[in-house]
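Q: I need the structure of the sequence given here:
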Amino acid sequence: MTLTTDTTRTSFSDIASRIHRRHTVVTSGGMDGVLRVATMLQNCGHPVRDFSVDVREGVIYSSLSCTISMTAAEAQAFVDRVLAISSVVSVDPC
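A: Numbers count the residues shown, from 1 in each chain. Modelled structure (predicted):
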């Protein structure tokens with residue numbers, strides 16, 4: 001008996017190379033800066049698994065942490081896209 005499929009291996013390898021990647025984003029501008037990043041995350045096309053924000057009154061910088069399932073190439077493109085936001089100070093892939 002022979003079993004054949006029309007599925008390509010490239011789609012399987014793409015799925016297999018996706019892992020949950022955690023990023024911490026430091027922003028300026030208080031809640032406005034964090035909301036700019038949150039809006040970008042909402043429109044990025046990848047489901048956000050975890051999301052937390054730390055905004056404190058009187059502190060210059062805020063932080064945002066998120067976990068997204070993506071490949072290594074997508075992760076680098078994500079970092080570049082986040083750094084293009086004017087309120088972002090740094091992005092740390094964890």
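Q: Going by residue numbers, what spans are helices in this structure?
A: Using DSSP state H, the helices found in the chain span residues 9-16, 30-42, 72-83.
Q: most tightly surrounded among those?
A: helix 30-42 (a mean of 16; mean count of other C-beta atoms under 10 Å). Every residue, glycine included, has its C-beta placed from N, CA and C.
Q: Next up, phi/psi of Glu57, please.
A: Phi and psi for Glu57, reported as degrees, to the nearest 10, are phi -70, psi 130.
Q: how near is it to Met31?
A: Distance of Glu57 to Met31, computed by C-beta to C-beta, to the nearest Å: 10 Å.
Q: pLDDT weak spots in the chain?
A: Within the chain, the stretches with pLDDT under 70 are 1-16, 94.
Q: still on that earlier bit, got the helices of the chain as a markdown table, with distance to Leu64 columns?
A: Shown next, in a markdown table, are the helices of the chain (distance: least, C-beta to C-beta, whole Å):
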| stretch | distance to Leu64 |
| --- | --- |
| helix 9-16 | 27 |
| helix 30-42 | 5 |
| helix 72-83 | 9 |
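Q: Could you list which residues are in contact with Ser65?
A: Applying C-beta atoms under 8 Å, 6 or more residues apart in numbering to Ser65 gives the contacts 22-25, 50-53.
Q: So which of these wins on neighbours?
A: Using other C-beta atoms under 10 Å as the neighbour test, these are led by Val25, with 26 neighbours.
Q: Spatially nearest residue to that one (excluding sequence neighbours)?
A: Leu64 (4.6 Å; C-beta to C-beta, 6 or more residues apart in numbering).
Q: so the one you found touches Ser52, yeah?
A: Yes: under the criterion of C-beta atoms under 8 Å, Leu64 is in contact with Ser52, at a separation of 7.3 Å.
Q: what's near enough to touch the nearest residue to Asp92 once chain neighbours are set aside?
A: Leaving out its chain neighbours, the residue that sits closest to Asp92 by C-beta to C-beta, 6+ apart is Thr24, at 4.5 Å. Counting by C-beta under 8 Å, 6+ apart, Thr24 touches 63-65, 91-92, 94.
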